[in-house]
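J.: 3D, please:
(2 chains)
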Amino acid sequence: MKALSLLLLLLFSSAGLSVLVVYSYDSFVPLALETFEEFTLKTGIEVKLKTLSDSGSLVNYIVSMGEKFDGDVVIGIDNLLSRKAFKADIFLPYKPAGSENLISQDLIFDPLWRLTPYDYGAIALIYDSQSITSRIESLQDLTDAKFKKSLILQDPRTSSTGLAFLSWTYLLFGEDFEQFWRSLKPSILTITLGWDDSFEKFEAGEAPIMVSYATDGAYSAHYYGQADYSVLIPQGKGYVQIEGAGIVRWTDKPGEARIFLDYLLSPDFQRHIPLNQWMFPVIEVEMPAVFQYAVKPETILKLPSGVELEELIEKWEKIIYEK
Amino acid sequence: MLIAVAILLPLVVSFGLSGLDSLGEAVSSPSFNGITLFTLRQAVLSTSLALLAGLPAAIYFSRSRSRISKLLGLTTYIPFFFPGISMAIGFLAIYGRNGLLNSTLALFGFERLQILYSFGAILLGHVFYNAPIVILILGNALKRIPSDLLEMARMDGAGKLTRFLKVELPLAVPALVNSALLIFSYCFTSFAVVLILGGAQFATLEVSIYMYFRLLGRPQMAVALSVIQFAFIMLFGVLISISERRIPFEQGEQYIEKKTVTRLYSMLFLVFEWVPILGAFASSFYDPARGEFIFARVVRLFQGELPLIGTSLARTVFNSLSLSTVASVTTVGVTFYLAWTARKIRGGAKQLKIVSLLALSVTPSMMAISYLTTFDFLPVPFLMLLLYSLVALPVSLNYINGQVQNAELDFLEAATLDGASRVAKLRYMILPFFKNTLFYAGTVVFAISMGEFGGSLILGAQDFPTFAVAIYRLNGSRYLLEARFLSSILGLMVILAVAIAGYLLSRSGRSNRSIG
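T.: Next up is the predicted model:
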């Protein structure tokens, strides 16, 4: 048995170089492809990117793996998921060079700097304006029978976008949010584990409405030459997701990880955010013209710290699995 | 004994680590009732529909030797060999809003249908996958009913329907029950169909085990659900074994007669079964939503690392091929040894039945989480190897055992009298005699291992991605078209392996007969 194990290890393990292991969600790949090589050229630090479908799964994975988790840096933990991450004490505090250039102090969602904000954007409903001709003014409108099986959304247990949407509905409907979700159920076509999967299905025309970001009009204008996607932020009351990156507590490369976090706040990295992440950078950079189609909320809603996310998720889970 | 330990020990240890509290927590969690009831409901409905869909084809299969009947016979390979991931992706290509079916409907001015991501899609997937089992079990049972019995019924003036209801069906009830239980068991533990064709709003126990362990960071909940699922499947396994025992008649000659309605139905059934497979192959190179060929995207798959997987396509293929090959050699070796030993000892058949039942009562997700909880010090490829071997063990054991028990091996006694050693007998007589049996069983294990992805996703998604896992990861992302192409390649690899093995087996069967 021992000999076989050794033989298999020898057969299957690849000789590895010392590299900084960075974890993120699937849709981060294009930005990584565009920037990480430049980082390596400048610093001599090689970066190995590993992805798990979406940030919710990523945080759960890190928590369940504990010190066996092999990442040095994690990118993509947003202001909501950070609560779970902080509770599990995953990240080391570090205030990166360049943090003084943040465009707003409101972006700092952790005063201890365990997570460094690197981009932000408002959650919104996007819809294909060719298929949906009637006007949608509120989330409640979506519960209308004419929108049966029309909506793609993300699982709040695995996806940061899904969790942000769930929180947004709580902020808009208060204690009636359970009733809203019960009424919304017939309108849901499918719930995906991550945003990427949702967007692929939306683009393939499986359903005309999707929970996504208010910047998707810019994406549509960039790729299709026109803003085919209409964006809805009901009554202008939006929920803003701020994404952060942090150094894993048990990394054995804290020095390299700090240099990497500095890089995330540098103009070299930040200027690639708009056309890859389709989010807003956190420092001043030149914005592409298509971002004129990005919708900004008039009022930004914030989830009070007293609201227990686990309770919201449990209630949601019960409603979704009720048959 | 060792196999029983390999199955039960990790389950018991992982449950022991989680404790009874976790079982209580699982049962009292808000979603537990919904998940369990959904698992049961979809299994009951899927089984009923699969039986209804498969019955007319099974009747035709049993009373005809036509090409259609032979094609129906070929279709029975689908549930056992065609990878779940390839099947689910094939469904996306055919039944999606811009899939082959809807594009055809739109071409003729009809409204597009919303088929996928619904309860109906799950049922459709299960009928597709399981109706061929009805042909295999019930069709073969009907085929074995002695022709003189049916001839007598005809001469007594019984019409086709009366004869079917009063003579054939009562005789085939055990086979009907057997196929129903087997289908129910498969649907109850369904993974790929529910996960890919349904969405996160639908979760069977098997899907929930994966989600709680890998995505939701609640391993105790996953272990508790595994124990509950194990109890359910064990019960089905016992019922299946009981139903297998009751064969009420001796095998007879096939009764052939003209069946117009079931023939027509069988043709439609073949379309239903083969269009998603062939259509998926056809749509692997073309994106109907964007109206363009995807050659450039396919070429990129072979350059550098696969997106999201962190390793090259060649490496994932190597991982799958090497593990499946080693699993196939190991499993065939172990099952042949078990069958050979059982032949010689009293009560051996019973012991084999228990081993088979135990292996049937565990699912890949359950085994994967119990291995990770219990044997996390062992290398991941070794755990995957163990998992593949266990998953394929019942099929390999049933096939090899059947061949070993029925073989006439008088020549071995003569060899013993001539003083041949054990090794010599094994090398020069036993292994050559069972060469074809072992080769075919090995191919079956290889095919099952290549397509396995539920357990692989839990065990090796990060450290040791297989080809099937890579396809699943790409499918759930912005690389759907690449996943579609690769899933066709996987389907082709498996179909080719099984077809070549089947061909070699039939050729050697023919040559053996001609020698005899």
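J.: contacts and neighbour counts: CA atoms only from here.
T.: OK.
J.: tell me, how many neighbours does A:Ile313 end up with?
T.: By other CA atoms under 10 Å in any protein chain shown, 17 other residues sit near A:Ile313.
J.: my guess is it meets A:Pro156, correct?
T.: Yes - contact criterion CA atoms under 8 Å: A:Ile313 and A:Pro156 qualify, at 7.0 Å.
J.: what about A:Tyr303, distance to chain B?
T.: Careful, residue A:303 is Leu; it's not Tyr. 22 Å (CA to the nearest CA, to the nearest Å).
J.: looking at this, that residue is in a strand?
T.: No - checked against DSSP: H, G, I helix; E, B strand; the rest coil, A:Leu303 lies outside a strand; its state is coil.
J.: what's it in contact with, if anything?
T.: Residues near A:Leu303 by CA atoms under 8 Å, 6 or more residues apart in numbering or on different chains: A:Ser167, A:Leu171.
J.: show me where pLDDT drops low in chain A?
T.: Filtered on pLDDT under 70, chain A yields the residue ranges A:1-18, A:227, A:323.
J.: Going along the chain, name the strands of it.
T.: Under the criterion DSSP state E, chain A carries strands at the ranges A:20-25, A:47-52, A:73-78, A:91-92, A:116-128, A:151-154, A:188-192, A:209-213, A:229-232, A:237-248, A:280-281, A:299-301.
J.: residues of the helix or strand harbouring B:Ala43 that come out buried?
T.: For B:Ala43, the host element (DSSP states H and E) is helix B:32-63. Using 16 or more other CA atoms under 10 Å in any protein chain shown as the test for burial, helix B:32-63 gives B:32-40, B:42-51, B:53-63.
J.: Residue 217: neighbouring residues, count only.
T.: Using chain A here. That count, for A:Gly217 with other CA under 10 Å as the rule, works out to 24.
J.: my question was about chain B
T.: When neighbours are defined as other CA under 10 Å, B:Gly217 has 23 of them.
J.: In which helix or strand does it reside?
T.: Per DSSP H and E: B:Gly217 is located in neither a helix nor a strand.
J.: Wait, it touches A:Ser64, no?
T.: Yes - with contact defined as CA under 8 Å, B:Gly217 reaches A:Ser64; the gap is 5.1 Å.
J.: Is chain A within reach of the host helix or strand of B:Ser103?
T.: Per DSSP H and E: B:Ser103 is located in helix B:100-107. No - Helix B:100-107 stays clear of chain A (CA under 8 Å from any CA of the partner chain), getting no nearer than 11.3 Å.
J.: Quick one: distance of that helix to the chain centre.
T.: 30 Å (CA atoms, centre = their mean, to the nearest Å).
J.: how about that helix: buried residues?
T.: Those would be B:Leu100, B:Leu101, B:Asn102, B:Ser103, for helix B:100-107 by 16+ other CA under 10 Å.
J.: Could you dump the residues you listed into TSV and include distance to A:Ser82?
T.: Compiled in TSV, these are given as follows (distance: CA to CA, whole Å):
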residue	distance to A:Ser82
B:Leu100	44
B:Leu101	44
B:Asn102	43
B:Ser103	44
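J.: Among those residues, find me the one that's closest to chain A.
T.: B:Asn102 (11.3 Å; CA to the nearest CA).
J.: Tally up the residues packed near the residue nearest to that closest one when sequence neighbours are not counted, please.
T.: Nearest residue to B:Asn102 in three dimensions, chain neighbours excluded: B:Arg112, at 5.2 Å (CA to CA, 6 or more residues apart in numbering or on different chains). Residues lying near B:Arg112 (other CA under 10 Å) number 18.
J.: likewise B:Val423?
T.: 10.
J.: Not counting the strand or helix carrying it itself, show me its contacts.
T.: Element membership of B:Val423 [criterion: DSSP H and E] is helix B:422-425. Residues outside helix B:422-425 that contact it (CA under 8 Å, 6+ apart): B:Leu412, B:Ala415.
J.: Centroid-nearest residue for the chain?
T.: Using chain A here. A:Ser160 (4.9 Å; CA atoms, centre = their mean).
J.: The intended chain is chain B.
T.: With CA atoms, centre = their mean applied to chain B, the nearest residue to centre is B:Phe80, 3.3 Å.
J.: any chance you could map the helices in the stretch 101-250 of chain B?
T.: Under the criterion DSSP state H, counting those that start in this stretch, the stretch 101-250 of chain B contains helices at B:119-134, B:140-144, B:147-155, B:160-163, B:169-188, B:192, B:205-210, B:219-245.
J.: and the longest one, average pLDDT?
T.: If you average the pLDDT over helix B:219-245, you get 84.
J.: Run the angle between it and helix B:32-63 for me.
T.: 30 degrees (axes from the mean of the first three to the mean of the last three CA atoms, to 10 degrees).
J.: Report the buried residues of helix B:219-245.
T.: By neighbour count on 16+ other CA under 10 Å, the buried set for helix B:219-245 is B:219-230, B:233-234, B:236-237, B:240-241, B:243.
J.: try stretch A:231-243
T.: A:Val231, A:Leu232, A:Ile233, A:Pro234, A:Lys237, A:Gly238, A:Tyr239, A:Val240, A:Gln241, A:Ile242, A:Glu243.
J.: any idea how far A:Ala145 lies from A:Ser187?
T.: Going from A:Ala145 to A:Ser187 by CA to CA, to the nearest Å gives 7 Å.
J.: Can you get me a residue count around the closest residue to B:Thr311 other than its chain neighbours?
T.: Excluding the flanking residues, the one nearest B:Thr311 by CA to CA, 6+ apart is B:Glu305, at 4.8 Å. The local packing of B:Glu305 (other CA under 10 Å) involves 15 other residues.
J.: Distance-wise, check B:Glu305 relative to chain A.
T.: Distance from B:Glu305 to chain A, by CA to the nearest CA: 11 Å.
J.: and B:Tyr428, how many neighbours?
T.: Counted with other CA under 10 Å, B:Tyr428 comes out at 12.
J.: Show me which residues of the stretch 151-300 of chain A are close to chain B?
T.: So the stretch 151-300 of chain A meets chain B at A:155, A:157-158, A:189-194, A:196-197, A:199-200, A:204-206 (CA under 8 Å from any CA).
J.: And the residues you listed, which is closest to B:His126?
T.: A:Thr190 (18.6 Å; CA to CA).
J.: what is that closest one paired to in the beta sheet?
T.: Beta bridges link A:Thr190 to A:Ile152, judged by DSSP bridges.
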